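J.: give me the fold of what follows.
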Amino acid sequence: MFAQRLIPLFLLLGLNGCEPLSNALDLPNPQKTAALAEAEGKAIGGACRHAGRSIEDCYALNAKAQKAAIFAGWREMNDYMMQNNLQSVPSVLAHPQAPLPAAASAPKTPDPVMAAAPQDERTAKRASR
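T.: Take a look at the predicted model:
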């Protein structure tokens, strides 16, 4: 009689230790991975809307994130901003993958007069300018 009550208790205690054991062994948990991806996508979408980016730009800048989660976060932030009359705060920093302006990306060609002149003449020309 005592053994019949003790076995389910041990089974219950044994199943309770599965999650800490899987965390210690770094076993993948698909539910946690999906929840993390969802939360990250919502955060990205909310940040894009707060920065004043369009949803299409947000998709393009974050191709690896889930589009549905990005949209959900963007929409939630849009609703929040509309309710509280908040303005978007544009980003000051350029995205690292953004193309450079044509003037900044074009290599500077050396002045042919300066390149052919000897070193001492170069300093004289610079001083006279």
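J.: mind checking pLDDT for R126?
T.: R126 carries a pLDDT value of 55.
J.: mind listing what's buried in stretch 47-57?
T.: Residues of stretch 47-57 classed as buried by neighbour count (16 or more other Cβ atoms under 10 Å): 47-50, 53, 55. From N, CA and C alone the C-beta is placed, and that goes for glycine too.
J.: er, stretch 69-82 I mean
T.: In stretch 69-82, counting by 16+ other Cβ under 10 Å, buried: 69-74, 77-78, 81.
J.: go on, stretch 23-39?
T.: For stretch 23-39, using 16+ other Cβ under 10 Å, the buried residues are E38.
J.: return the alpha-carbon coordinates of it using CSV.
T.: Output in CSV follows, covering the C-alpha atoms of stretch 23-39 (Å, rounded to 0.1, in the frame of the first residue of the first chain):
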residue,chain,number,x,y,z
ASN,A,23,18.6,23.9,-19.2
ALA,A,24,21.8,22.6,-17.7
LEU,A,25,22.5,20.4,-20.7
ASP,A,26,21.6,23.3,-23.1
LEU,A,27,19.0,21.1,-24.9
PRO,A,28,17.0,23.0,-27.5
ASN,A,29,13.5,23.8,-26.5
PRO,A,30,11.3,24.7,-29.5
GLN,A,31,8.7,26.5,-27.5
LYS,A,32,11.2,28.8,-25.8
THR,A,33,13.0,29.4,-29.1
ALA,A,34,9.7,30.4,-30.8
ALA,A,35,8.7,32.6,-27.9
LEU,A,36,12.1,34.3,-28.0
ALA,A,37,11.8,34.9,-31.7
GLU,A,38,8.3,36.3,-31.3
ALA,A,39,9.4,38.7,-28.6
